[in-house]
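Peer 1: the following comprises the amino acid sequence and a computationally predicted model.
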Amino acid sequence: MSGDLLFFIEISLAGLGSGALLALTALAFVLIYKATRVVNLAVSEVLMLGGYLFFAFAAGLGLSAWVALPLSILGGGLLGGIVERGVIRPMLGENPISVFMVTVGLGSILVGMAELIWGAEPKSLPAFISTTPLFLGEAYVSRKIAVAFVVAGVTISVFLALFRFWRGGVALRATATDQAAAYSCGINVPGVFSVAWIVGCATAAGAGVLLGAIGGISTTMGVFGLSALVVVIVGGLDSILGALIGGLALGLIQSWASTYLGGEYTSVVTFGLLIVAMMIRPYGLFGTHEIERL
Amino acid sequence: MKTTRRMAMGLLAGAASLGLSMGAAQAQEDIVIGGSLPMTGVFAFAGISIEAGMSDYIKLVNDAGGIDGKMVRLAYEDTGYKVDQSVAVFNKLTSQEEIHLYYGDSTGFAKTIAPELVRKGSMIMGGASFASELNNPEAYPYAFIPGPDYTEMVNILLEYIAKEKPGASIALINSDTEFGRDPIAAAKARAAELGLDVVLEIITPPGSVDVSTEVLKLRRARPDYAISHGYILAPQPEFMSQAKALGLETKFMGTFWSMDSSLWKTVGETADGYMGVMPYRYYYDDADNAPMLDKIREMRPEYQSTGYMQGFLSAMLMVESAKRVLAEGKEMNGANLKAAMNTIKDFDTGGIMGLPISMPGNSIPVGRVYQFSAAEGKMLPVSDWINVE
């Protein structure tokens, strides 16, 4: 294999890996939007909190990473449940912009809390993923990125299957389609809302741990969530498949742009892509036509 | 005379207003250092330390009687590291207080407020920015940088590399921000002058986490040194971790804001060998004739970060300029304060900087290369103090 071709394959694999991380974060946005029609901007900060919870459990309490990881995910889910029950549910029926703004405020509160509890300086997470390089044939892949890819792939596949075949998943889809009709069919709509927030926030917290394992944690790491928001908008706010394909595509394109055009073009290409996608399919590549834009 | 209730109330009000006016007169006598400080947000870790460093130096000055009998006071508010907020804080503080010395939180703020400083002509301003653009006394007559500017920092690293490994190959890794891009063009020119070969330039988007693609470029170029700039910590540890895993022998270096040892300590073994330029001594440095370091350790028994040293020296330079202006009986204004600051020559910082310092222009082009030892959890000096004036 020629050096240039091998290099192209390697950067493409790296792009797919980092795209998988984007897809996993995008999934958190989609899960909550799909059921509740709320764009939860605080997903970015829940992602940050997931990283800090892992830090607290693994570095602070000295727990094994394999205990700290599920506890962090549970912590994210618990936060999602509390927020939904305490803040979001009382706002049912309010203007979507009001609910959206509440999630913006919630994000600020979470950042402030993290700064108060853990301080403002960036930190590194205790290593729990091997750094030994992985080679697919001759092609190098960062092990952490490969792990992120597998985790994101498995998680998203599980959710795709659940939504298609599981009774609860069908209830969630029914709630998303028409809340009043879902109520009349006996579906526990508030329960569905809670589950969506719990699972969405748990997913974000898990993504935060993966992200923190790669790039460390800081109170500003939620910025990554904004990149994932691009994925969600391109893929479709209510499409899990859109999150996966959008994430992988964006990761690939960013990797190619960074390599062949230069890192300074990555953002230009990303947002250029967003504009083009919006012009062609305003509701996202895989989204539902009726999506209300904020 | 019969004391009525109304009279008593009047007397009380009079006494209160007298007390207030005396308090105001006292406050007017203070020399106020204003500050737009990033106590929250992306740069909060630095802002908190800077405030501590400035406050401690001001306390030392006041405990010793102040400047010409006047007390020094720091008046600041949080900016969240946002330019609009920094400007709002500046406007608020300068309208409430008589301020001749100011600390700004960013390059963006320094550049935004520069025309206003010229218009007011009443103060000088330092800050957290070491931007090369600010190191121009004609364009920024009232600005000063409490150390080398970013170009001078990279030049110090290049001087070190040229001495250690003549003809070495270098990769420049910069964040795609105003901060990150600052020294690129000048670094390439200086590297060429020193016979060093810049074989790779990597620009990372702001907030980027995964650097696998960039590491692949690094593996292709296999540079002897990689100088990164525009970061606090991430994504440098990931660069180092993946490069080590791939068997690269590249030595990673950084500039001042990446040099806090407590941050690298959390990275662990991967951080071992990371090098960079530091204009000030570390809290734990062993040094003869460093009474200020001793005082700092006495005031604060626990480690203080690099931002603390920067704040401490910034306050020292401001106070020294004010002292010189008042000693000559001149008016406290921007021109006089800056002229006084420019008379600082072979000035002893009490060991905060390793050489007697001078500030003929807007910066102090002195620094030293340190290397992180994971075993000791400290940055250890690997060069003498280098002056790139």
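Peer 2: Yep, it's here. Numbers count the residues shown, from 1 in each chain, chains lettered A, B, ... in the order given.
Peer 1: so the biggest helix by length in chain A, near chain B or not?
Peer 2: Across chain A, the helix with the greatest residue count (assigned by DSSP state H) is helix A:3-36. Yes. Contact of helix A:3-36 with chain B (CB under 8 Å from any CB of the partner chain) involves A:7, A:10, A:11, A:14, A:15, A:17, A:18, A:21. From N, CA and C alone the C-beta is placed, and that goes for glycine too.
Peer 1: tally of neighbours for the last one?
Peer 2: This means residue A:21. Around residue A:21 there are 27 other residues, counting by other CB atoms under 10 Å in any protein chain shown.
Peer 1: residues contacting it?
Peer 2: A:145, A:148, A:152, A:207, A:210, A:211, A:214, A:224, A:247, A:251, B:209, B:210 (CB atoms under 8 Å, 6 or more residues apart in numbering or on different chains).
Peer 1: name the member of those residues with the most neighbours.
Peer 2: Neighbour tally across the contacts of residue A:21 (other CB under 10 Å): the maximum, 33 neighbours, falls on residue A:207.
Peer 1: just the buried ones out of the residues of helix A:3-36 next to chain B, please.
Peer 2: Neighbour counting over the residues of helix A:3-36 next to chain B (16 or more other CB atoms under 10 Å in any protein chain shown) leaves A:7, A:10, A:11, A:14, A:15, A:17, A:18, A:21 as the buried ones.
Peer 1: show me the domain layout of chain B.
Peer 2: For chain B, the domain assignment from automatic domain parsing gives the residue ranges B:26-148+B:287-358, B:150-278+B:369-387.
Peer 1: as CSV, the ones you listed with distance to chain A and mean pLDDT would be great.
Peer 2: Formatted as CSV, the domains of chain B follow (distance: least, CB to the nearest CB, whole Å; pLDDT from 0 to 100):
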stretch, distance to chain A, mean pLDDT
domain B:26-148+B:287-358, 3, 94
domain B:150-278+B:369-387, 3, 94
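Peer 1: nearest to residue A:88, of these?
Peer 2: Closest to residue A:88 of the domains of chain B, according to CB to CB: domain B:26-148+B:287-358, at 25.5 Å.
Peer 1: restricted to helices, list the contacts of residue A:21.
Peer 2: Using DSSP H, the contacts of residue A:21 in helices are A:145, A:148, A:152, A:207, A:210, A:211, A:214, A:224, A:247, A:251.
Peer 1: tell me the one of those residues nearest residue A:84?
Peer 2: Out of these, the member with the shortest distance to residue A:84 (by CB to CB) is residue A:207, at 18.8 Å.
Peer 1: I'd say that closest one and residue A:48 touch.
Peer 2: No. Applying CB atoms under 8 Å, one finds residue A:207 not in contact with residue A:48, separated by 10.3 Å.
Peer 1: helices of the stretch 151-294 of chain A, start to end?
Peer 2: Under the criterion DSSP state H, counting those that start in this stretch, the stretch 151-294 of chain A contains helices at A:167-177, A:179-184, A:189-215, A:223-235, A:240-260, A:266-280.
Peer 1: what angle sits between the fourth one and helix A:240-260?
Peer 2: In other words, helix A:223-235. 110 degrees (axes from the mean of the first three to the mean of the last three CA atoms, to 10 degrees).
Peer 1: now helix A:223-235, how far from the centre of its chain.
Peer 2: 8 Å (CA atoms, centre = their mean, to the nearest Å).
Peer 1: please apply the same query to the second one.
Peer 2: How far helix A:179-184 lies from its chain's middle: 28 Å, per CA atoms, centre = their mean.
Peer 1: residues in contact with it?
Peer 2: Applying CB under 8 Å, 6+ apart, the external contacts of helix A:179-184 come out as A:171, A:174, A:175, A:189, A:192.
Peer 1: which one among the residues you listed gets closest to chain B?
Peer 2: residue A:192 (32.7 Å; CB to the nearest CB).
Peer 1: confirm for me that the closest one is in contact with residue A:35.
Peer 2: Yes. With contact defined as CB under 8 Å, residue A:192 counts as touching residue A:35 (5.6 Å).
Peer 1: out of the two, which sits in the more crowded spot?
Peer 2: Between residue A:192 and residue A:35, counting by other CB under 10 Å, residue A:35 is the more crowded of the two (25 against 21).
Peer 1: skip the chain neighbours and tell me the closest residue to residue B:96.
Peer 2: Leaving aside its chain neighbours, residue B:96 sits nearest to residue B:75 (7.8 Å; criterion: CB to CB, 6 or more residues apart in numbering or on different chains).
Peer 1: what residues are up against residue B:254?
Peer 2: B:227, B:228, B:229, B:231, B:236, B:274, B:275, B:276, B:277.
Peer 1: could you rerun that using 6 Å?
Peer 2: Applying CB atoms under 6 Å, 6 or more residues apart in numbering or on different chains to residue B:254 gives the contacts B:228, B:276.
Peer 1: who's it bridged to?
Peer 2: Listed beta-bridge partners, residue B:254: residue B:276 (assigned using DSSP bridges).
Peer 1: stretch B:277-285: end-to-end distance?
Peer 2: 15 Å (CA to CA, to the nearest Å).
Peer 1: hmm, who's touching that stretch?
Peer 2: Contacts to stretch B:277-285, defined as CB under 6 Å, 6+ apart, come from residues B:147-148, B:153, B:156-157, B:255, B:259, B:303-304, B:309, B:352-353, B:367-370, B:379.
Peer 1: repeat that with 7 Å
Peer 2: The set of residues external to stretch B:277-285 that reach it, using CB atoms under 7 Å, 6 or more residues apart in numbering or on different chains, is B:147-148, B:153, B:156-157, B:255-256, B:259, B:261, B:287, B:290, B:293, B:296-297, B:303-304, B:306, B:309-310, B:313, B:351-354, B:366-370, B:378-379.
Peer 1: can you tell me the SS state at residue B:379?
Peer 2: strand (DSSP: H, G, I helix; E, B strand; the rest coil).
Peer 1: can you redo the helices of the stretch 151-294 of chain A as a markdown table with mean pLDDT?
Peer 2: Output for the helices of the stretch 151-294 of chain A, formatted as a markdown table (pLDDT from 0 to 100):
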| stretch | mean pLDDT |
| --- | --- |
| helix A:167-177 | 82 |
| helix A:179-184 | 84 |
| helix A:189-215 | 92 |
| helix A:223-235 | 86 |
| helix A:240-260 | 91 |
| helix A:266-280 | 88 |
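Peer 1: distance to residue B:199 added to the ones you listed, as JSON lines?
Peer 2: Shown next, in JSON lines, are the helices of the stretch 151-294 of chain A (distance: least, CB to CB, whole Å):
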{"stretch": "helix A:167-177", "distance to residue B:199": "53"}
{"stretch": "helix A:179-184", "distance to residue B:199": "60"}
{"stretch": "helix A:189-215", "distance to residue B:199": "25"}
{"stretch": "helix A:223-235", "distance to residue B:199": "30"}
{"stretch": "helix A:240-260", "distance to residue B:199": "16"}
{"stretch": "helix A:266-280", "distance to residue B:199": "21"}
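Peer 1: could the buried ones among the residues of helix A:3-36 next to chain B be laid out in CSV, adding pLDDT?
Peer 2: Output for those, formatted as CSV (pLDDT from 0 to 100):
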residue, pLDDT
A:7, 91
A:10, 91
A:11, 92
A:14, 90
A:15, 91
A:17, 90
A:18, 88
A:21, 90
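Peer 1: and residue B:286, that's in a helix?
Peer 2: No. Per three-state DSSP, residue B:286 lies outside any helix segment and is coil.
Peer 1: so residue B:250 touches residue B:223, yeah?
Peer 2: Yes. Using CB atoms under 7 Å, residue B:250 makes contact with residue B:223 at a distance of 5.5 Å.
Peer 1: coming back round to it: farthest pair in the contacts of residue A:21?
Peer 2: Longest span within these, CB to CB: A:214 and A:247, 15.3 Å.
Peer 1: tell me what residue B:175 is bridged to.
Peer 2: Assessed by DSSP bridges, residue B:175 has beta-bridge partners residue B:204.
Peer 1: I am finished for the moment; much appreciated.
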